[in-house]
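[1] sequence and predicted structure, then a few things I'm wondering about:
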Amino acid sequence: MNLVPRHQRSLQEMLLALAFALAVCLPLGGEIISPQSQKPILHVDVELQSVEVQVKDTRGSDVLGLTAEDFTVLENGKPQKIAFFSAGNGLVSLVVLLDSSSSMISRGRLGSAQAIAAQFMRTAHPGDDISAMDFTDQMGVFQRMSREELLNPSGLTLSHAPSSGAALYDAIATALCHLRTSKNVRQAVIVVTDGDDQHSRITLEQLIGLVRSSRAQLFMIGLPSRPDFNFEGRSEPKITLITGHDIDNPVIVFDRLMKESGAESFIPNSQRDLDEALKAVSNIIKSEYTLAYYPQKSSKRFRKIEVRVDRQGAHATARRYVGSDQDVEESVQFDQTTCIVSPKFHPYAFESKVTPDTGGMVYREDFSDTRSGWPNHKDSHYIANAYELSNNKVAIGNSGQLIASGLPTETPTPTATFRDNRIAAYGPWLSDLRASAAMDAVLETVSHEAGTKFLHKSRPAAGLIFRLNPSGYYALLVSGAADWKTLSFELVRREFDGDSYTETEIIPWTKIAARSSTSGLELSVEAIGNQLSIVVDGQEMKGARDDKFDQGLVGFVISGPGRATFRNLVVEHK
């Protein structure tokens, strides 16, 4: 998330500043110490299991000065012999990940991160292994930085990744993959993100398996999502996006990742809060104890960890599990060169329906396979070789909240209304494209009955949407009689505005010549640069120019009450 406007500094500079700030204020230059010999240990056995432990007193202050004899480590309830011990002075391998996706709120309100780096630059020491990477739905360059680069950041740049949303789980997995080659026992990943994972190839459960099998702690710094996404204050496990797809609730994601790795999360709302969060991460790493032991041979790869501290009023916090209840090596496959999650072994559902074409590619979806990735809910789902959207009457309470179907009798004077638009979109993210599909629709005639409320204009319509992105989309809408013999179409641009949207007519409602058939209506759109072209029922309509949206997804929409069925979607990358 940028902390200043784009015209003042680049995203890469901010990422580096975060890395510098954390790097230079870490406890650099220490060694792991054996509790028996009190001499530096220069080699770490790959079988060694390490656990980072925070110890607090009843006032929440760090308890310092403890020794190995003050701790007991239990694995599956059995005490383990502490082979190595460090009191916050071991070498650290640190990775800074920055989410630069479009769901992140404007970074200008949080100010510059360069000042944070300057605070700690004077105290930098050699020894720690510092890396940084920015990510969106693509991974940026994972770059391990030398001491010279940390002290002279002006010559260091990171490649910027294109932005269509975040692949948070993939990014963390990539960082953990890189850390496998680190010889430092102490490992940490600092993730600056809003937590909205929209594009990862792996699931949260697969990531949890990787976290449990790693040594790294995950410190999550959560910056707000764009207000359009309406994620704040939500408690349900899944949240539905405008595309119709469900994602994991970021609040739950943060909580699980920090607990599984024995770390903490922070939600800064200002520059000062961000400063404090970064300092807090540094202080935690500086004050933590590292306990390391050689696990007893067991057939169980997934083991429960408990750390106890023998000090009155002190409480120890550490990761809860080590290992995994799944075969992580088989569950998640990486590219051996880049450590990026392998597209071959973890393809998106739509990728099996993409074929190369001259100068581009073609995505064909016949909706015969319900596992092909489209949303599958009550009002947006697969039917026999087709996809259906329905927009049915729902109930709105006096306070404006949506009331689920099966309205409780005690709900006071509900108002009947329709969702303005039901949307579903999936497939490749494209700029220049041509898309076509066949549509059948039953659009209800809306009567202004008593108690019915319309949030936007009530003319029912359905059609194709394209270049759907976090800011809005274009829609080719068709409306007409039930027999589809009299038709009209319009082309609109809809821009998201909080929970609602604003609409601009690009081509106003235009009548189409009478049809001779009542079968599926063929719709086609083409977007090349700012030139938008429309074909309805084989008739080429007048085109238009608009440069508000230059990339996004293709999908379907129904506006107003009714039901629409779509078949044979073809999307060509031009």
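    Received it, and whenever you're ready, just let me know what you need.
[2] packing partners of the helix or strand containing residue 191?
    Assigned by DSSP states H and E, residue 191 belongs to strand 186-193. On a contact count with 3 or more C-beta pairs under 8 Å, 6 or more residues apart in numbering; DSSP states H and E, strand 186-193 meets helix 11-24, strand 92-99, helix 168-179, strand 217-222, helix 271-287. No exception for glycine: its C-beta is placed from N, CA and C like everyone else's.
[3] got the angle between the third one and strand 92-99?
    Helix 168-179 and strand 92-99 meet at an angle of 160 degrees, taking axes from the mean of the first three to the mean of the last three C-alpha atoms, to 10 degrees as the criterion.
[4] now the angle from helix 168-179 to strand 217-222?
    Going by the same axes, to 10 degrees, helix 168-179 makes 150 degrees with strand 217-222.
[5] again with the second one
    Compare the direction of strand 92-99 with that of strand 217-222 by the same axes, to 10 degrees and you get 30 degrees.
[6] residue numbering should commence at 39 henceforth.
    Okay, residue one is now 39; in that scheme the one you just asked about reads as strand 130-137.
[7] partner strands of strand 130-137, with direction?
    Looking at strand 130-137 with DSSP bridges, its partner strands are strand 167-173 (parallel), strand 224-231 (parallel).
[8] C-terminal to the strand holding residue 229, what's the next element?
    Following strand 224-231 in sequence order, the next helix or strand is helix 242-251 (DSSP H and E).
[9] contacts for that following helix, please.
    207, 210-211, 214, 235, 238, 256, 286, 291, 294-295, 298-299, 340, 357, 359-364, 366, 369-370 (C-beta atoms under 8 Å, 6 or more residues apart in numbering).
[10] please name the strands paired to the helix or strand hosting residue 329 in the sheet, noting orientation.
    Taking DSSP H and E as the criterion, residue 329 maps to strand 327-331. Strand 327-331 has the following strand partners under DSSP bridges: strand 87-94 (antiparallel), strand 122-125 (antiparallel).
[11] now the helices and strands packed on strand 224-231 as TSV including distance to residue 225, mean neighbour count and mean pLDDT?
    Below are these laid out as TSV (distance: least, C-beta to C-beta, whole Å; neighbours: other C-beta atoms under 10 Å; pLDDT from 0 to 100):
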stretch	distance to residue 225	mean neighbour count	mean pLDDT
helix 49-62	13	25	52
strand 130-137	5	27	84
helix 206-217	5	25	96
strand 255-260	7	26	91
helix 309-325	10	18	82
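[12] now these as CSV including distance to residue 173?
    Below are those laid out as CSV (distance: least, C-beta to C-beta, whole Å):
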stretch, distance to residue 173
helix 49-62, 10
strand 130-137, 6
helix 206-217, 4
strand 255-260, 14
helix 309-325, 19
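[13] among those, which comes closest to residue 174?
    strand 130-137 (7.6 Å; C-beta to C-beta).
[14] so how far is that closest one from its chain's centroid?
    Offset of strand 130-137 from its chain centre (C-alpha atoms, centre = their mean, to the nearest Å): 17 Å.
[15] what angle do that strand and helix 309-325 make?
    160 degrees.
[16] CA atoms of strand 130-137 as PDB?
    This file holds the C-alpha atoms of strand 130-137, laid out as PDB (Å, rounded to 0.1, in the frame of the first residue of the first chain):
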ATOM      1  CA  VAL A 130      17.700 -13.100  11.200                       C
ATOM      2  CA  SER A 131      16.500 -13.800   7.700                       C
ATOM      3  CA  LEU A 132      13.900 -11.200   7.000                       C
ATOM      4  CA  VAL A 133      11.500 -10.800   4.000                       C
ATOM      5  CA  VAL A 134       9.300  -7.700   3.400                       C
ATOM      6  CA  LEU A 135       6.300  -8.200   1.200                       C
ATOM      7  CA  LEU A 136       4.200  -5.300  -0.100                       C
ATOM      8  CA  ASP A 137       0.800  -5.700  -1.600                       C
END
